[in-house]
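> fold the following and give me the result.
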Amino acid sequence: MKFSGRFKLLTVSMAVSAAFGSGHVLAQAPQPAADNSVEVIQVRGIRSSLNESMSLKKDASSIQDSIVAEDIGKFPDQNVAESLQRISGVMISRTNGEGTAITVRGLGPKFNTVKLNDRTLATSERGREFDFQVLPSELIAGADVIKASRANIAEGGIGSYVTINTARPLNSPGEHIAGSVNVKYNDLADAYTPNFSGIYSNTYSNDNIGVLLGFAHTKTENRIDAHETAFWDNVQADDVQRAPGPIVDESGSVITGGTLWYPGRAQYMSDIEDRTRTSANVTLQFAQSDDITHTLDAFYTDFERDAFSNGMQAPLHRDGFEDVIVSQNSTILSARKNADPLDGLFQTRGESSKTYAIGYNFSAYKGNWHYEADVSYSKAESEPRLEQYVPNIINADGLTDSDYISFDSRGADIINIDSSIQWNDPAGVKAHWNRRSRDEREDEVLEVKFDATYAVDAGTLYSVDMGIAYTDREKSLNQYNSDNTQCGSAAVNTCGALIDLDDDLFSVRSGGDFLTDVDGNFPRNFISINSLSDYIAAMKAITQDENWGANELVPNASVENTEEILALYTQLNFEGDFNTVSWTGNVGVRYIDSENTSQGFAIQVLDIRMDEVGRDDGEKIVVTTSDPVYTDAATSYSDFLPSANLNFNFNNGFYIKASAAKVMTRAPLEDVGVNMSVSGVRLTEYARNQGNPYLEPYQATQFDVALEYYQDNGNSYSINFFTKDFSSWIATQTFVQDSGFDVDRNFDGTDDWDVRETVTQKSNRSGVSLSGVELAALHFFDYLPGWLDGFGVQANYTYTDSSDDEADVFEQEGVLSPGSGVEGFSQNAYNLIAFYDKDGFQARLAYNWREAFLIQRQSEVGGGLPKHAEDYGQFDFSTSWDIDDNFTLKAEVINLTDENILEYADVRERVTRLQYSGRRFQVGVSATF
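Numbering: from 1, shown residues only. Okay, the predicted model is just below:
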């Protein structure tokens, strides 16, 4: 890692802290206001956990919500993200059914700063987004979601600032041992997997030395059944070559003109996925005196994900549409055409990642001063990979002019297929197209912070916070692929050549259990690969190339980003009384200075021509580019971020809280690269994607006002109004333009067809605003008689109104524009949780729902179409029984009613994904001593 001269600004601060550590402090400062990072792990049960969470929310110096572990080693859910979604305004993203990232008030993962023990954790993602899969819930003590900014917390979270805390041994003196053994079961995969964890904490030397050791191992086997469509395109109704017709609407009326949209591929896939996560953390604490504490902690996670998919796809993109039925939205719902080969669709997807983190914290009180110094280092290494093997499938006796394929999606979320081609006969499998790719990602973060609080007695001013922080981050991506051999080798072309593959390489997937919840006539018993290694060996033999499929570095798709950030802040803290009302508040400003560098390679497109070798395989093209040329770009920016928070306590349970702040989120690292790449092997798929290293941060002004009410028995109710007005927004621009190249599309010796390219890039603009309201309630039925007093309910609702007045409107005939909608925003979302907690028995039934939302304004599904997510709601259930003071039996079901994820393009009938991941069950026993 490279260090700037600005790093030297911290040496004086660190020297001060070292001097305090050399001996006993003479006098102790008054204790500061409530420290929300303190874990409370001695509580047991749902009710005590909720009460502690409400206490943290009530006493917080700005608007926030919290979650506290029910006991040491017992976080409320199997997954930290799935616990956070119980908070008002928080929604989660799922990967194959498991929570991976959070969205707060409609602002996605990149807008939410997530810290581990108030430190930045390097991530395995391309950007800064935090992947919750790396965190074992068993090692987490609590989490705070801070929605209103303060000067004394790190900038970057326009959506929220989330700090996740692990336990500290000195906060719970004495010896504590906790462990659990569980078995997980996924009903779709029909697989059982073991999971276990353990925590040991103890204090020594009159509770002045503390040691905590934690370990967790999780193995999960999932299955994901899916139907997807891709490469959406359009055809003109009067183009008799591509669509000879007849073409009618659903009532039978003839259509003679207009733009008609259809999916280029219909895909059917069944994945088996294995996930393994091994995590450990160590915390050492030394209370040098009553006023000085040293804390050293380390965290490690090893995460592996491997998935193999068997499936098939029906190419629907070729010319020759007959017997066409079109919807009122200009979607081709049903058609028949002469058959081209069907495709097998075999994919391996996986990721191997390791995350390391170590940090040292020093805290000291002297006189009226409280000093805190913190140094941390984190590193993440990951290698995501995707391998696609796509053989052709024809009849064993070949393909004839009488062979056909027809499709029909009327009244269904899945495309029904009928074809004269036997898609379940290994004798008809032929070599075709293959692609292998992988990324090498590395992220390193060094943070150094020094904070000081001075307690004063100056009327309503009771303390002053000040601090300095330095962050050095370096994130790199090296991308590899096998594009040079995707159609065979220099000696042998495989694309469309129908070269036979040995029948023994394949078998027929047993039908009957693929997408069993969906009715229809679509492939269920398609071809599967018996041995991937045997398939690869066969392709090497066919292509006469032992290096077939080897990945090569793609310089123009590889990039390295570095950023150095210096932050300074000052915050004044106030408190006072006015008649029967107590009030607290803070006002401050944070100054940030950032220097950013992007390094990589750029290319230029020199020529585009039709592929003579693949002329019978759907208008394939050959793109010639220049050699990659090294390039770099350096930028810098600075800003002042003022904030103010004011809280009124009416001393009768009612609180009013208000906040105002200027906030920012840095441009995503994946968008500020100098890299540029081109994609698309066919004329209608050609695209160019490029980074923009000169992007400015997102910037907004936000206001919050909350009314909260707390009762002595733990009941609480709140309403929170919020608004955010963005002065700077980063938008994705996707547009189609003339590439400047003409090709001989008809192979008649004339370059008379203009090649159109879809260009995607990012740019800054304003015009985005959002506002909304959050309602939350926690109610205990402790007034009911007998055993009924253990019941309770927790509920919250979030309404968000968003608009993007300056959005690029990509108008196309036959496409419903997303208008001024903002990506990622559900207008309505709510959580309902019913629970029971009494005499050692606990149960909880939770329902989480969010309304449909826009995922992308122009997406990867093809044709520049937008992409939406359908409404989604999910039931989760958990229960436990304390056998005695030490042992607890527990059970949990995730996705109790087996809900599916559905995505669509611009209108609901253009479904792009239907996915089932099944139910997840867990049973086990935990112990605490």
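
> tell me if Leu788 really is in a helix.
Yes - under DSSP: H, G, I helix; E, B strand; the rest coil, Leu788 falls within a helix.

> what's the pLDDT at it?
On the pLDDT scale, Leu788 is placed at 96.

> that one against Phe781, yeah?
Yes - look at Leu788 against Phe781 with CB atoms under 8 Å: they come within range, at 6.5 Å. C-beta: built from backbone N, CA, C; applies to glycine.

> would you mark the buried spots in stretch 409-419?
409, 412-417, 419 (16 or more other CB atoms under 10 Å).

> can you tell me the closest non-neighbouring residue to the spatially most central residue of the chain?
Geometric centre of the chain, nearest residue: Ala101, 4.0 Å, by CA atoms, centre = their mean. Nearest non-adjacent residue to Ala101, counting by CB to CB, 6 or more residues apart in numbering: Pro109, 3.9 Å away.

> what ranges does the stretch 451-600 of the chain have for its helices?
Ranges of helices in the stretch 451-600 of the chain, per DSSP state H, counting those that start in this stretch, are 532-543.

> where exactly do the strands run in it?
In the stretch 451-600 of the chain, the strands defined using DSSP state E, counting those that start in this stretch lie at 461-481, 499-500, 506-508, 527-529, 552-553, 559-578, 581-602.

> now for Asn195: which residues touch it?
180-184, 216-220, 922, 924 (CB atoms under 8 Å, 6 or more residues apart in numbering).

> go with 7 Å
182, 184, 217-219 (CB atoms under 7 Å, 6 or more residues apart in numbering).

> could you identify the most distant pair in those residues?
Pairwise distances across those (CB to CB) peak at 11.9 Å, for the pair Lys184 and His217.

> so which elements touch the host helix or strand of Asp271?
Using DSSP states H and E, Asp271 sits in strand 265-287. Where contact means 3 or more CB pairs under 7 Å, 6 or more residues apart in numbering; DSSP states H and E, strand 265-287 is packed against strand 209-230, strand 292-315.

> pLDDT weak spots in this structure?
Flagging of the chain using pLDDT under 70 yields the residue ranges 1-44, 70-78, 511-512, 613-618, 680-681, 734, 808-810.

> part of a helix, is Asn713?
No - Asn713 sits outside any helix when classified using three-state DSSP, being coil.

> would you agree it is in contact with Leu778?
No - at 10.4 Å, Asn713 does not count as touching Leu778 under the criterion of CB atoms under 7 Å.

> neighbour count for those two, which is higher?
Leu778 (22 against 11; other CB atoms under 10 Å).

> the more buried one and Gln794 touch, don't they?
Yes - contact status for Leu778 versus Gln794: in contact at 4.9 Å, counting by CB under 7 Å.

> three-state assignment of Ala731?
Ala731 ends up strand, using three-state DSSP.

> what bridges to it?
Judged by DSSP bridges, the bridge partners of Ala731 are Ser763.

> separation between it and Ala396?
Distance from Ala731 to Ala396, counting by CB to CB, to the nearest Å: 52 Å.

> Ala191 too?
35 Å.

> which one's more surrounded, Ala731 and Ala396?
Neighbour comparison, Ala731 and Ala396: the larger count goes to Ala731, with 19 against 12 (by other CB under 10 Å).

> who touches His779 in this structure?
Counting by CB under 7 Å, 6+ apart, His779 has contacts 715, 792-793.

> out of those, who's the most crowded?
Gly792 (21 neighbours).

> isn't that one up against Leu784?
No - the criterion here is CB under 7 Å, and Gly792 misses it with Leu784 at 10.5 Å.

> picking that back up, reformat the helices and strands packed on strand 265-287 as JSON lines; add distance to Tyr630.
Converted to JSON lines, the helices and strands packed on strand 265-287 look like this (distance: least, CB to CB, whole Å):
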{"stretch": "strand 209-230", "distance to Tyr630": "34"}
{"stretch": "strand 292-315", "distance to Tyr630": "33"}
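
> redo those strands as JSON lines? Include mean neighbour count.
Output for the helices and strands packed on strand 265-287, formatted as JSON lines (neighbours: other CB atoms under 10 Å):
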{"stretch": "strand 209-230", "mean neighbour count": "21"}
{"stretch": "strand 292-315", "mean neighbour count": "20"}
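
> I'd like to know which of the ones you listed is closest to Phe132.
Taking the helices and strands packed on strand 265-287 one by one with CB to CB, strand 292-315 is closest: 11.1 Å.

> that closest one to strand 209-230, inter-axis angle?
20 degrees (axes from the mean of the first three to the mean of the last three CA atoms, to 10 degrees).

> next SSE after strand 292-315?
strand 322-326.

> show residues contacting that next one.
Counting by CB under 7 Å, 6+ apart, 243-250, 255, 260, 332-337 sit against strand 322-326.

> closest one to Leu889 out of those, please.
Taking these together and measuring to Leu889 by CB to CB, the closest member is Leu333, at 52.2 Å.

> ok, the helix or strand harbouring the closest one: who's next to it in the sheet?
Using DSSP H and E, Leu333 sits in strand 332-338. With DSSP bridges as the test, strand 332-338 is paired with strand 322-326 (antiparallel), strand 404-408 (antiparallel).

> can I get these in a markdown table including distance to Ile358?
Shown next, in a markdown table, are those (distance: least, CB to CB, whole Å):
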| stretch | distance to Ile358 |
| --- | --- |
| strand 322-326 | 62 |
| strand 404-408 | 56 |
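
> nearest to Ser66, of the ones you listed?
strand 404-408 (51.3 Å).

> and the closest one, how far out from the chain's middle?
Chain-centre distance of strand 404-408: 36 Å, with CA atoms, centre = their mean, to the nearest Å.

> done for today, thanks.
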